[in-house]
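# give me the fold of what follows.
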Amino acid sequence: MSCTISYKTVWNKHLNNKKKLLSPTEDLLALVFRLPERGPELLREVLLERGWEDYEAGRRDREDWNLYWRTTRFCNSEYQNLMPWQRLNHHPKTAEITRKDCLARNLTRMRATFGASVYNFSPTTFILPNNYIRFLAEYNKLRVSKGLSAYWICKPVDLSRGRGIFIFEDIKSLVYDCTVIVQRYISNPLLISGYKFDLRIYVCVKSFNPLTVYVHQEGLVRFATEKYRLSSLRNLYAHLTNTSINKFGPFYKTEKESVGQGCKWTMSKFRHFLYGQDVNELLLWQRINNIVTLTLLTIAPSVPPSPNCVELFGFDILIDGRFKPWLLEVNYSPALTLDCQADIAVKKGLVSDLIDLMNYTWVDGLRERAQMRPTLAPRLTDNRSRHVSEVTNHDDAETRAQREHLAEADISSSTPDIPPRGLGFKPSTVSWKLPHIHRYVVFSVVLCHKTRGHIPPARVGDFIRTFPFNKATLKASQHTLDVRTVIQEVNKLTAHFSSGRLNKMNPE
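Below you'll find the model as predicted:
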């Protein structure tokens with residue numbers, strides 16, 4: 001029997017949920033992960049709990065692994081030599097939104113192309129020293145023509161964890177010795193009991209080709225640990241929400257009004273807070289979805305095809321006093337350290353759901369045999385290889401057939417005329433004005449009851465698919481990404497939430 005026939009037999013046995021076609025002495029290999037010494041310990045812990053094995057370079061072949069996770073970038077050759085059973089935790093070229101100056105340039109370009117009314121979620125930004133003259137003109141215009149004091153925040157373009165950040169009002173205080181961005185400081189943030197906060201939204205891009213985006217239900221609300229005052233711009237504990245700064249603050253362990261000890265809430269607790277506010281919650285979360293989608297659109301057409309890669313981003317969102325969300329930055333390899341109970345509640349489930357989203361099956365355990373069979377181990381560098389990868393990494397015959405006819409999938413009606421389905425609720429329990437006790441999916445993704453196409457799946461654990469969100473966006477992302485059509489659909493969906501029409505719909 002040839003290798004190809006043997007492989008098909010094993011695959012068909014798997015599809016029919018029968019016993020694996022291996023002799024009693026041939027046990028399937030455990031899945032293997034590669035993680036640098038300083039890699040996230042939480043990831044190591046979750047994978048070991050799930051029965052994975054740690055990669056040992058001296059005892060395993062070079063390609064004998066299933067997941068390679070790094071907090072730094074991969075080189076081009078590592079993408080080109082990727083095998084069907086392997087996954088990387090980064091797509092190429094994502095620094096175009098995770099480096100502050102690159103993000104600013106891309107948002108400026110999109111604003112010029114599609115209009116400031118669409119790309120209106122980022123504060124006015126200048127890259128210094130290159131844009132110093134433009135910044136100076138804007139600074140003087142605000143002070144002279146409007147007679148107002150404007151506040152600005154300065155950030156090094158390639159540092160994280162709040163390092164090197166300061167806020168200023170007088171340009172004489174602007175001193176820097178590296179490339180920085182200067183942004184208009186959002187001086188009217190929404191406060192909780194006088195404390196400033198922002199949201200850490202976890203976003204997984206399953207694919208850029210076609211664009212497939214998931215947002216995690218849970219996330220973190222990060223607080224400053226001293227009350228917000230514009231009269232004390234030098235007090236970083238009042239103005240910055242980075243945990244790496246606030247955990248050293250004098251009031252970190254103090255019981256703070258409403259906020260409590262520490263500096264973090266879970267997103268569930270924040271939803272509870274929003275329930276008592278006079279705010280259109282669905283519209284707020286939809287606007288946050290829009291920020292994620294529109295930001296990813298800035299780079300999606302330029303990211304090369306990278307099968308078997310995923311990317312976890314940390315989107316930092318600030319909500320102002322008018323409940324408008326603003327994008328602060330996008331984080332590459334967001335921290336998975338556990339500093340407090342909120343981290344434990346959020347991040348362990350996040351990592352586990354992310355592994356589920358990678359679509360591992362027991363077939364990936366055949367990697368050693370596949371290495372010895374050239375016909376079963378194509379490189380993922382062309383369409384044929386991509387198809388092999390997709391077929392070997394999804395888990396049922398229906399999914400395989402759907403993937404072959406993805407262009408015909410009807411995952412949503414063209415307009416959001418029905419409430420979400422398939423999100424873990426029975427129709428009788430779904431309401432557009434849900435009590436806060438429901439574990440409601442706060443990221444408003446409109447799906448259709450005609451779910452004959454489950455590709456991409458609507459939900460994996462607490463990851464909810466936010467793009468594509470209807471038939472038009474699915475079609476627009478199939479081949480060459482049609483950015484203009486996607487933006488039109490985003491605007492249509494937002495208009496429905498803004499008008500309140502969805503609140504009045506009968507869930508039946």
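
# got the contact list for Leu284?
For Leu284, the residues meeting the contact criterion (CB atoms under 8 Å, 6 or more residues apart in numbering) are 274, 319, 323, 325. Every C-beta, even on glycine, is put in place using the N, C-alpha and C of the backbone.

# tally up the residues packed near the last one, please.
If you count neighbours by other CB atoms under 10 Å, Pro325 ends up with 23.

# for it, phi and psi?
Here the main-chain torsion angles of Pro325 (degrees, to the nearest 10) amount to phi -80, psi 140.

# mind giving me the domain split of the chain?
The chain breaks down into these structural domains: 3-91+360-384, 95-354, 403-504 (assignment by automatic domain parsing).

# what distance separates the start and the end of stretch 88-106?
Counting by CA to CA, to the nearest Å, the length from the leading to the trailing residue of stretch 88-106 is 25 Å.

# sorry, slip of the keys, the one I care about is stretch 316-328.
Its first and final residues considered, stretch 316-328 spans 5 Å by CA to CA.

# mean confidence for it?
Averaging the model's pLDDT scores along stretch 316-328 yields 96.

# what does it rub up against?
Contacts of stretch 316-328 from elsewhere in the structure, counted by CB under 8 Å, 6+ apart, are 121-123, 186, 188-191, 198-201, 277, 279, 284, 287-288, 291, 295, 315, 329-331.

# shouldn't Asn491 be in contact with Val118?
Yes. Asn491 lies in contact with Val118 (CB atoms under 8 Å); the separation is 7.3 Å.

# between these two, which one's more packed in?
Between Asn491 and Val118, Val118 has the larger neighbour count (other CB under 10 Å), namely 17 against 12.

# how about that one, what does it touch?
Val118 sits next to 110-111, 294, 487, 491 when contact means CB under 8 Å, 6+ apart.

# ok so, going back, now the contacts of Leu284 in CSV, with secondary structure and distance to Phe74?
Written out in CSV, the entries for the contacts of Leu284 read as follows (DSSP: H, G, I helix; E, B strand; the rest coil; distance: CB to CB, whole Å):
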residue, secondary structure, distance to Phe74
Leu274, helix, 39
Ile319, strand, 34
Phe323, coil, 39
Pro325, strand, 31
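
# looking at those, which is nearest Leu47?
Using CB to CB, the shortest approach to Leu47 within the contacts of Leu284 belongs to Pro325, at 33.6 Å.

# if we can go back for a sec, just the buried residues of the contacts of Leu284.
In terms of neighbour count (16 or more other CB atoms under 10 Å), the buried residues within the contacts of Leu284 are 319, 323, 325.

# any idea how far the first one is from Leu190?
When CB to CB, to the nearest Å is applied, the distance between Ile319 and Leu190 equals 5 Å.

# from Ser477, how far off is the spatially closest residue to Asn308 that is not a sequence neighbour?
Residue nearest to Asn308 in three dimensions, not counting chain neighbours: Arg87, with 5.0 Å by CB to CB, 6 or more residues apart in numbering. As for Arg87, its distance to Ser477 is 21 Å (criterion: CB to CB).

# before we move on, what about Ser498?
Note on Ser498: its distance to Ser477, by CB to CB, is 24 Å.

# how about a markdown table for the contacts of Val118, with distance to His91 added?
Converted to a markdown table, the contacts of Val118 look like this (distance: CB to CB, whole Å):
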| residue | distance to His91 |
| --- | --- |
| Met110 | 19 |
| Arg111 | 24 |
| Leu294 | 18 |
| Ile487 | 22 |
| Asn491 | 27 |
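
# just the buried subset of those, written out for PyMOL, thanks.
A single PyMOL command selects the buried members of the contacts of Val118 (16+ other CB under 10 Å):
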select buried, resi 110+111+294+487
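
# narrow the contacts of Val118 to those in helices?
Counting by DSSP state H, the part of the contacts of Val118 found in helices is 110-111, 294, 487, 491.

# the residue nearest to Asn308 is in contact with Arg70, isn't it?
No. With contact defined as CB under 8 Å, Arg87 and Arg70 do not form a contacting pair (11.9 Å).

# compare those two (neighbour count), which wins?
Counting neighbours by other CB under 10 Å for Arg87 and for Arg70 shows that Arg87 has the greater number, 23 against 16.

# what pairs with the more buried one across the strands?
Listed beta-bridge partners, Arg87: Leu67 (assigned using DSSP bridges).

# and it, how far from Trp52?
Arg87 sits at a distance of 12 Å from Trp52 (criterion: CB to CB).

# now do the shared contacts for these two.
Common contacts of Arg87 and Trp52 (CB under 8 Å, 6+ apart): 66-67.

# circling back: need the contacts of Val118 in a markdown table (columns: distance to Thr241 and pLDDT).
What follows is the contacts of Val118, written out as a markdown table (distance: CB to CB, whole Å; pLDDT from 0 to 100):
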| residue | distance to Thr241 | pLDDT |
| --- | --- | --- |
| Met110 | 26 | 96 |
| Arg111 | 26 | 96 |
| Leu294 | 23 | 97 |
| Ile487 | 30 | 96 |
| Asn491 | 30 | 94 |
